[in-house]
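1. next come a sequence and a model predicted from it.
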Amino acid sequence: MSGVLVLNAGYEPLQRVSLAHAVRMLHRQVAVVEQAVEGRMFGPYPLPAVLRLVRYVQMRWRHAHGAPQWSRTGLLLRDGRTCAYCGARGADTVDHVRPRSRGGADSWLNTVTACGRCNNRKRDRTPEEAGMRLRYAPRVPTFAELLGT
């Protein structure tokens, strides 16, 4: 997982930011280094792996929506880049369990990660029509899971 994890003042995970953004946060003194990469420095600062905010930030946006919004990156994180059909590692394509041409949508419960071979084999059919079995059922991930905590 790339980037620096940012924790709220109460140690709840908020988001991941780039190294440049993390250093700006340290320079503005809105965050402190909670965990650093051993023996590495970025200018006067230890190279951060995890930052903690100095002041608590309300996270109303998380609770207003209830669940994370669907995204391709989030889907790959949820499934660990593992093919839902053959179990191959390094899968990088999105497969719609119910194809979009048949009314399927980009949603957590209708998409899984698939390798190119299985995605081509399934084509524009349901898994049952293609004679393929899902190794796991699609589900809605938690915010913490998508942040890699």
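-> Thanks, I have the structure now.
2. would you list every one of the helices in the protein?
-> Here the chain has its helices, by DSSP state H, at 19-27, 60-65, 72-79, 116-122, 127-130, 143-147.
3. weakest of those by average pLDDT?
-> Mean pLDDT per stretch puts helix 60-65 lowest among the helices of the chain, at a mean of 58.
4. bridging residues for the nearest residue to residue 76 once chain neighbours are set aside?
-> Distances taken as Cβ to Cβ, 6 or more residues apart in numbering put residue 113 closest to residue 76, at 5.8 Å, once the chain neighbours are dropped. In short, each C-beta sits where N, CA and C put it, glycine included. As for beta bridges, residue 113 partners with residue 94 under DSSP bridges.
5. measure residue 113 to residue 47 for me?
-> Distance check for residue 113 against residue 47: by Cβ to Cβ, to the nearest Å, it reads 31 Å.
6. looking at the two, which is more packed in?
-> When neighbours are counted by other Cβ atoms under 10 Å, residue 113 comes out ahead of the other of residue 113 and residue 47, with 26 against 17.
7. which residues touch that one?
-> By Cβ atoms under 8 Å, 6 or more residues apart in numbering, the residues touching residue 113 are 75-76, 78-84, 91-95.
8. how's this structure carved up into domains?
-> The chain breaks down into these domains under automatic domain parsing: 4-57, 65-144.
9. around residue 81, how many other residues sit close by?
-> Neighbours of residue 81 using other Cβ under 10 Å come to 15.
10. pairing partners for the strand ranked longest in the chain, with directions?
-> In the chain, taking DSSP state E as the definition, the longest strand is strand 31-42. Neighbouring strands of strand 31-42 in its sheet, by DSSP bridges, are strand 45-53 (antiparallel).
11. buried residues in the partner strand, which are they?
-> By neighbour count with 16 or more other Cβ atoms under 10 Å, strand 45-53 contains the buried residues 47-53.
12. likewise stretch 19-35?
-> For stretch 19-35, by 16+ other Cβ under 10 Å, it's 22-23, 25-26, 31, 33-34.
13. and of the residues you listed, the nearest to residue 144?
-> Distance to residue 144 across these (Cβ to Cβ) is lowest for residue 34, with 16.0 Å.
14. now for the closest one: which residues touch it?
-> Contacts of residue 34 (Cβ under 8 Å, 6+ apart): 7, 48, 50-52.
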